[in-house]
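J.: show me how the following folds:
(chains A and B)
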Amino acid sequence: MIRVRFAPSPTGFLHIGGLRTCLYNWLFARKNKGKLILRIEDTDRERFLPESIFNLLKTLEECGLDWDEGPVLSSKNTIKQKGRYGPYIQSQRLKIYQNFAKKLVDLGAAYYCFCSKQRLEELRKTQISLKIPPRYDKHCRNLSPEQVKKNLKSNIPYVIRLKVPDQGKIKFKDIIRGEIEFELKNIDDQILLKSDGWPTYHLASVVDDHLMKISHIIRGEEWLSSVPKHLLIYNALKWKPPKMAHLPLLLNPDLSKLSKRKGDVSVESFLQKGYLPEALLNFIALLGWNPGNDEEIFSLKQLIRLFSLKKVGKSGAVFNREKLLWMNGYYIRKMPIDKLAKYCLKFLIQEELITPIHNKKTKFKITATGEIVQINWLKKIIALEQERLKELKQIVELSEFFFKEPKYEAELLFWKKMTKNQVKENLESIKTEFSKIPISKFKKPFLEEIILKLAEKRGRGEVFWPLRAALTGKKASPPPLEIAEILGREKTIQRIDKAIKML
RNA sequence: GGCGCUGUCGUCUAACGGUUAGGACAAAUGCUUUUCAAGCAUUAAAUAGGGGUUCGACUCCCCUCAGCGCUACCA
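T.: Down below sits the predicted model:
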């Protein structure tokens, strides 16, 4: 049975790198009909942020990544847990880690250490100044049992450290990187249990991975160098270690490990700006993995079918925001209008361009004017902007002029080297012609007929540009006739009129 | 400093030891066009360096260099 886990620590928002790790675990589990376990690693009390657990669960759900065991959000916004190997929150498992730490001492694989933090710090400093590797000097390693007992009795704070053999090598096979070998003499006597009684990552994750019957550990490459320590623990306890796959790191443009210090990397904020979960997931799936051909647009279903750890690369991948932006735009362009509208309406409401009406799902109020409009009218606007959207949130700035009178300088109405009179005349003739059209025929084909006729004499740009500018107040926008049709005769003429008066 | 990992266009990447080293994003140019977007076409752009092995190396081996990760009572 394949069992994998995603084990974030709740210290803030879910990180884009965390999402990728989760995605690869999820894909591997789904592909192989295995289970994905979600485990919360909250053993660092100083960095712990309770809120972030809710956030994490919500964000993963929004992305469509589900898990088979672990904490879940219940309807009342409380956290429940599902699965037979729980609890899945490490702070609820303290006793377990403490017992195994003691067991490791009994087994002779670990030992009590009573060194003070100050001593450790001074030791480090001198080691660094002498240019020798900063490591624990094993001061407490050979304390007599009597001495240990005495110290414990007099309540001297202690930690439990791993007793790493002085000699020998430790070898293991990583699924992605192949054989890797470490000299034991280069490995520190890692602290397993801190003086506050809480375990470090190394102890807690080994214990949990075993108890939760994890078959494959798929995690970031930053863990590669602690594998020997973990293996030592597995061996001491006579446990079979899971298979391991260390994923290439996600990088900032300067090639350092992807971090929030160099730009926003929280999944939540991408979602808020209007990145589609499917685009985000598609994009990060390709950071370090590819199916071996030129295709790069994949649904989650296709990813499950194609995914393989063997196709995961070894080198770090820069998180390229431009390409993500492109891909998001691509997904937006391909999206059915109803689905797109649902997303965009949310932003229009949020930015108070429109206001929902109680008990009505298909009617909205334009906030600025109080006008009641149908959802179908809004859909026309959204459809018009669809191919221009890269982030969904941009619907607000792109479509604002439909909901409010545009503000702009008269200068904007001039196409190339037109004179004031030309602009004025052109707008006036458009106005007169448009006024003759009955409301029922105020549609693009009819408008086009008129405009094209005018353009024959006056020039295309000379007619289209001032009209477009008058309707939108923008340098760049969709074409004016589509806009006029949506705006309707009254508003169109009113805006043209206003432009004429500015001249 | 020590240990480990990695090295193909600016970025993400493809290439049974045999290809004019391919694709995508970004860039540039053109077409289309009132503007923007989209679309289409085109261009520029890479095997870190040096040694081997081989008829033949991006691919295998060695050295060098570079980048990154770890080196916490963080994860």
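J.: distance of A:Cys102 from A:Phe364?
T.: Slight slip there: residue A:102 is Lys, not Cys. Distance, A:Lys102 to A:Phe364, using CB to CB, to the nearest Å: 64 Å. The C-beta positions use only the backbone N, C-alpha and C, and glycine is treated the same way.
J.: so which of these two has more stuff around it?
T.: A:Phe364 (22 against 14; other CB atoms under 10 Å).
J.: check contacts around the nearest residue to that one once chain neighbours are set aside.
T.: Nearest residue to A:Phe364 in three dimensions, chain neighbours excluded: A:Ile354, at 4.4 Å (CB to CB, 6 or more residues apart in numbering). Contact analysis of A:Ile354 by CB atoms under 8 Å, 6 or more residues apart in numbering lists A:Leu345, A:Leu348, A:Phe364, A:Lys365, A:Ile366, A:Thr367, A:Val373, A:Leu378, A:Phe403.
J.: quickly list what A:Lys363 is bridged to.
T.: Beta-bridge pairing of A:Lys363 under DSSP bridges involves A:Gln374.
J.: and chain A, split by domain according to the record?
T.: Annotated domains of chain A cover A:3-88+A:250-321, A:92-247, A:335-403, A:410-502 [automatic domain parsing].
J.: for these, which one sits closest to A:Met327?
T.: domain A:3-88+A:250-321 (5.0 Å; CB to CB).
J.: tell me the mean pLDDT for that closest one?
T.: Mean pLDDT, domain A:3-88+A:250-321: 95.
J.: what does the stretch 301-450 of chain A put close to RNA strand B?
T.: By the rule CB under 7 Å from any atom of the strand, the part of the stretch 301-450 of chain A lying against RNA strand B is A:311, A:313-318, A:320, A:322-323, A:326, A:329-330, A:333, A:387-388, A:415.
J.: which of the residues you listed count as buried?
T.: Using 16 or more other CB atoms under 10 Å as the burial test, those include A:Gly316, A:Ala317, A:Gly329, A:Tyr330, A:Arg388, A:Trp415 as buried.
J.: tabulate those residues in TSV, adding columns for secondary structure and distance to A:Lys171.
T.: Formatted as TSV, those follow (DSSP: H, G, I helix; E, B strand; the rest coil; distance: CB to CB, whole Å):
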residue	secondary structure	distance to A:Lys171
A:Gly316	coil	24
A:Ala317	strand	28
A:Gly329	helix	47
A:Tyr330	helix	45
A:Arg388	helix	56
A:Trp415	coil	73
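J.: quick check: the closest residue to A:Tyr88 other than its chain neighbours vs A:Glu61, distance?
T.: Leaving aside its chain neighbours, A:Tyr88 sits nearest to A:Gly70 (4.2 Å; criterion: CB to CB, 6+ apart). Here the criterion is CB to CB. By it, A:Gly70 lies 12 Å from A:Glu61.
J.: repeat for A:Gly292
T.: The gap separating A:Gly292 from A:Glu61 is 31 Å, by CB to CB.
J.: need the residue closest to the centroid of chain A.
T.: The centroid of chain A falls nearest to A:Val267 when counting by CA atoms, centre = their mean (2.3 Å).
J.: quick one, phi/psi of that one?
T.: phi -60, psi -40 (degrees, to the nearest 10).
J.: cool, the one 10 residues further on as well?
T.: A:Pro277 has phi and psi values of phi -50, psi -40 when expressed as degrees, to the nearest 10.
J.: next, give phi and psi for the residue lying closest to it once chain neighbours are set aside.
T.: Nearest non-adjacent residue to A:Pro277, counting by CB to CB, 6+ apart: A:Cys63, 4.4 Å away. In terms of degrees, to the nearest 10, the main-chain angles of A:Cys63 are phi -80, psi -10.
J.: so A:Cys63 touches A:Ala279, yeah?
T.: No. Using CB atoms under 8 Å, A:Cys63 makes no contact with A:Ala279, being 10.8 Å away.
J.: what helix or strand does the residue of chain A positioned farthest from its centre sit in?
T.: Each residue of chain A has a distance to the centre, and by CA atoms, centre = their mean the biggest one is for A:Lys457: 54.2 Å. Assigned by DSSP states H and E, A:Lys457 belongs to helix A:444-458.
J.: try A:Ser52
T.: helix A:51-63.
J.: contacts for that helix?
T.: With CB under 8 Å, 6+ apart as the criterion, helix A:51-63 contacts A:8, A:10-14, A:19, A:22, A:38, A:40, A:42, A:66-67, A:71-73, A:77, A:79, A:89, A:267-268, A:271, A:277, A:280-281.
J.: try it again at 6 Å.
T.: A:Pro10, A:Gly12, A:Leu14, A:Leu73, A:Val267, A:Glu268, A:Pro277 (CB atoms under 6 Å, 6 or more residues apart in numbering).
J.: same question for stretch A:176-185.
T.: The contact list for stretch A:176-185 (CB under 6 Å, 6+ apart) reads A:Val164, A:Pro165, A:Asp166, A:Gly168, A:Lys169, A:Ile170, A:Lys171, A:Lys173, A:Asp174, A:Pro228, A:Ala245, A:Val312.
J.: next one: stretch A:202-218
T.: A:2-5, A:24-25, A:37, A:43, A:85, A:90, A:97, A:100, A:190, A:192, A:229-230, A:233, A:239, A:242-245.
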